[in-house]
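Novice: Requesting a structural model of the entry that follows:
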Amino acid sequence: MIVGQLDKQAVIDAVQSAIAHHGNTRGELIPILSEVNRALGYIPRDAFDEISRLMRVPKSQLLSVASFYQMLSTRPLGKHVIRFCESAPCHVAGGREVWQAIRNTLNLKPGETSQDGQWTLLTTSCLGLCAVGPVMMVDDDVYGNLQPDQITDILAHYQ
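Specialist: Now for the predicted structure:
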């Protein structure tokens, strides 16, 4: 992930690489957006301009797709992204207490990124792991059966 201001050429290169890899049909829009998001850490405005131009898809449609899927971001995220499941099964299994422990440890509200750019805290409606709730993901790592007293140690692995 590239942190900070992105060079316009780097954005264009990422878009062109994704389109070259997936093709430029509308059916490949989500894989293209996902690849650009992965390469750059988010999908910047210049990327939407370039995708729109190369695929002949209105920017409004691209923004609609990007804002619908939680796996895509239209703004820079922290070096480490925490996604916490707020579904009913996780809530019933003690999710509220775990959520509060995460917020207290990072001193962040949902959707915020820390001042140092290390952490972004997001909620998600479901991670599909209800049997081991409460659940969170840190980057691509999944943690289940969470207890509030585990949060500090888990997050320490990423510093």
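
Novice: any residues touching the worst-scoring helix or strand of the chain on mean pLDDT, and which ones?
Specialist: Sorting the helices and strands of the chain by mean pLDDT, DSSP states H and E puts helix 88-90 at the bottom, at a mean of 89. For helix 88-90, the external contacting residues (C-beta atoms under 8 Å, 6 or more residues apart in numbering) are C130, G133, P134, V135. From N, CA and C alone the C-beta is placed, and that goes for glycine too.

Novice: And W119, how close does it get to D46?
Specialist: 26 Å (C-beta to C-beta, to the nearest Å).

Novice: more crowded one of these two?
Specialist: W119 (24 against 18; other C-beta atoms under 10 Å).

Novice: And for that one, nearest residue in space, chain neighbours not counted?
Specialist: In space, and not counting its chain neighbours, W119 is closest to G78: 4.5 Å by C-beta to C-beta, 6 or more residues apart in numbering.

Novice: Likewise for D46?
Specialist: V11 (4.4 Å).

Novice: Contact partners for that neighbour?
Specialist: By C-beta under 8 Å, 6+ apart, the neighbours of V11 are L40, P44, D46, A47, E50.

Novice: Tell me the secondary structure of the fourth one, please.
Specialist: When the structure is split into helix, strand and coil by DSSP: H, G, I helix; E, B strand; the rest coil, A47 lands in helix.

Novice: Name all residues that make contact with it.
Specialist: V11, A14, V15, V36, L40.

Novice: Greatest separation within those: which pair is it?
Specialist: The span of the contacts of A47, defined through C-beta to C-beta, is set by V15 and L40 at 9.2 Å.

Novice: Looking at those two now, which is surrounded by more residues?
Specialist: Legend: neighbour count by other C-beta under 10 Å for V15 and L40, higher for V15 (28 against 21).

Novice: so the more buried one is in which element?
Specialist: For V15, the host element (DSSP states H and E) is helix 8-22.

Novice: Show me what the mean pLDDT comes to for that helix.
Specialist: The pLDDT scores in helix 8-22 average 96.
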